[in-house]
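Visitor: predicted model and sequence below, questions to follow.
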Amino acid sequence: MLGCLTVAFRNFAICNMADTALLFLSDTFQFEVDCAVTATGEDDSGPYVVTSATVFYPGGGGQEPDKGHILTGDGIRHPILKAAFVDHHMRHYVSEALPAAGTVSIRIDREHRLQNARLHTGGHLLSAVVHEKLKWPFMPVKGFHYQQGAYVEFAPTEDMPEVNPDELKFALAGDITKKLPVSTVLVSKQDPLFERAFKPEGFIAPAGRPLRLVSITPYLAYPCGGTHLHHTGELSWLNIKHIKHKKGNIRISYEVG
């Protein structure tokens, strides 16, 4: 098992994961992999390459995609323009068709990946602290963990109260100091862990993709396929930029380092 994150498997046959091994599910800190080309093709998004494994996170769940390239045996770098998980395979889209066989190396931008992981872990921590630790009457409904401006949006469960940003900052700083562990588990939709997890209203389990829960101990697990840190202590800081009302909800914008 590759796990830098703590990854467990429950009621889930490993052979049923995906024909492309999705290494980012188990190891945020793996930035390259040598793998076999298993298929090539072209669709409306352009030419693509399918490989036996990938470290490239395609984006989704409020997290932006990785940046990276495919290095072929002739030493040429082919930037990955986008990626999509289709029929249990990851399609890596490139600007020109590549050979349909052979071995390639998929490499991603290390700092871009790590900043995305910081933002995603920070967003989960922010949701948990507001909803579970401080017990503010807000329900997390949306997370946007992009580097251009991250936020978590909450729906009030009663009349909108006044909030104390200093109280929130203090609670977040305390959990960063504690180095709370981040763990993941692959589950089925019938697993009791999935039943107990926090699921936003209207959440639908992904079809044809692994179902993974991410938890920051001692808080509730969230369904999530994104990349995360080992523990909250790997956040040097989490700063609340502003708290504002947005169409009846409250949006808390944040930045991390």
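Guide: Perfect, I can see it now. From a predicted model like this one, the values you see are computed outputs, not experimental measurements. Numbering: from 1, shown residues only.
Visitor: look at the residue sitting nearest the centre point of the chain and tell me its secondary structure.
Guide: With distances taken as CA atoms, centre = their mean, G226 lies nearest the centre of the chain, 1.2 Å away. Secondary structure for G226, judged by DSSP: H, G, I helix; E, B strand; the rest coil, is coil.
Visitor: find the nearest non-adjacent residue to it, please.
Guide: Using CB to CB, 6 or more residues apart in numbering and skipping the chain neighbours, the partner closest in space to G226 is Q63 (4.2 Å). (C-beta placed from N, C-alpha, C; glycine too.)
Visitor: repeat for T20
Guide: M90 (4.2 Å).
Visitor: do F198 as well
Guide: Of all residues not flanking F198 in the chain, L220 sits nearest, at 4.3 Å (CB to CB, 6+ apart).
Visitor: next, count neighbours for that neighbour.
Guide: 16 (other CB atoms under 10 Å).
Visitor: quick revisit: tell me who's in contact with the residue nearest to G226.
Guide: Applying CB atoms under 8 Å, 6 or more residues apart in numbering to Q63 gives the contacts Y57, N116, L119, H120, H145, Y146, G226, T227.
Visitor: looking at those, spot the one nearest E255.
Guide: Lowest distance from E255 to those (CB to CB) belongs to L119, with 8.2 Å.
Visitor: phi, psi for that closest one please.
Guide: The phi/psi pair for L119 (degrees, to the nearest 10) reads phi -60, psi -40.
Visitor: and it, how far from L211?
Guide: Distance, L119 to L211, using CB to CB, to the nearest Å: 22 Å.
Visitor: same question, T217
Guide: 20 Å.
Visitor: where does the stretch 151-257 of the chain dip in pLDDT?
Guide: Along the stretch 151-257 of the chain, the model assigns pLDDT under 70 to residues 160-161.
Visitor: where exactly do the strands run in it?
Guide: Secondary structure of the stretch 151-257 of the chain by DSSP state E, counting those that start in this stretch: the strands cover 182-187, 211-216, 221-223, 238-246, 249-256.
Visitor: show the backbone phi and psi for the residue of the chain positioned farthest from its centre.
Guide: Most distant from the centre of the chain: D74, at 32.5 Å, with distances by CA atoms, centre = their mean. Here is the backbone geometry of D74 (degrees, to the nearest 10): phi -90, psi 10.
Visitor: one more: the one 4 residues further on?
Guide: When read as degrees, to the nearest 10, the backbone of H78 gives phi -120, psi 100.
Visitor: residues touching it, list them.
Guide: Per CB under 8 Å, 6+ apart, neighbours of H78: H69, I70, L71, T72, V94, S95, E96, L98.
Visitor: against T184, how distant is it?
Guide: Relative to T184, and taking CB to CB, H78 is found at 30 Å.
Visitor: again with H92
Guide: 23 Å.
Visitor: okay, those two: which has more neighbours?
Guide: Under the criterion of other CB under 10 Å, the comparison of H92 against T184 puts H92 first, with 29 against 22.
Visitor: now do the contacts for that one.
Guide: Y48, V49, V50, T51, T54, F56, I70, I80, A83, I106.
Visitor: repeat that for G149.
Guide: By CB under 8 Å, 6+ apart, G149 lies in contact with S253.
Visitor: could you shift the numbering so residue one becomes 540, and keep it that way?
Guide: Sounds good: first residue 540 from here, last item G688.
Visitor: so what pLDDT did it get?
Guide: G688 carries a pLDDT value of 95.
Visitor: tally of neighbours for the residue nearest to H608 when sequence neighbours are not counted?
Guide: Ranked by CB to CB, 6+ apart and with sequence neighbours excluded, the top spatial neighbour of H608 is R616, at 4.5 Å. When neighbours are defined as other CB under 10 Å, R616 has 12 of them.
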